[in-house]
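A.B. asks: The following block contains a protein sequence and its predicted model.
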Amino acid sequence: MRRMYDFRCESGEKIERLATFDEQIVRCKCGKSARRTISVSNFNLEGWSGDFPTAHQQFDRKHREKLESERKANG
């Protein structure tokens with residue numbers, strides 16, 4: 001399975017490429033080798049609780065909307 005990974009070229013350029021998990025080195029567009037680097041995570045945890053604040057806010061909003069629609073339907 002191919003995924004998007006970050007690579008750093010020998011000349012210092014940072015590139016993104018679709019690669020398999022086993023591919024550690026790819027060829028950069030400049031022709032030099034680029035080694036796979038650890039990417040920054042794309043999610044946010046609260047520092048004190050470890051919760052996903054955006055997921056909690058979304059759950060809370062949907063839950064309140066559902067309750068409101070049920071109240072209106074039941075009169």
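C.D. replies: Happy to help now that I have it.

A.B. asks: Show residues contacting stretch 6-17.
C.D. replies: 4-5, 19, 26, 28-30, 32-39 (CB atoms under 8 Å, 6 or more residues apart in numbering). All C-beta atoms are positioned from the backbone trio N, CA, C, and that covers glycine.

A.B. asks: same question, stretch 20-29
C.D. replies: Contacts for stretch 20-29 (CB under 8 Å, 6+ apart): 1-3, 5, 7, 9-11, 13, 15, 17, 19, 33-36.

A.B. asks: mind running it again at 6 Å?
C.D. replies: 2, 7, 9, 17, 33-36 (CB atoms under 6 Å, 6 or more residues apart in numbering).

A.B. asks: can I get the CA coordinates of that stretch in CSV?
C.D. replies: C-alpha atoms of stretch 20-29 as CSV (Å, rounded to 0.1, in the frame of the first residue of the first chain):
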residue,chain,number,x,y,z
THR,A,20,5.5,2.0,0.2
PHE,A,21,6.5,1.5,3.8
ASP,A,22,9.7,-0.2,2.8
GLU,A,23,10.9,2.6,0.6
GLN,A,24,13.4,4.6,2.8
ILE,A,25,15.2,6.4,-0.1
VAL,A,26,13.8,7.9,-3.3
ARG,A,27,15.2,10.0,-6.1
CYS,A,28,14.6,13.7,-5.8
LYS,A,29,13.7,15.8,-8.8
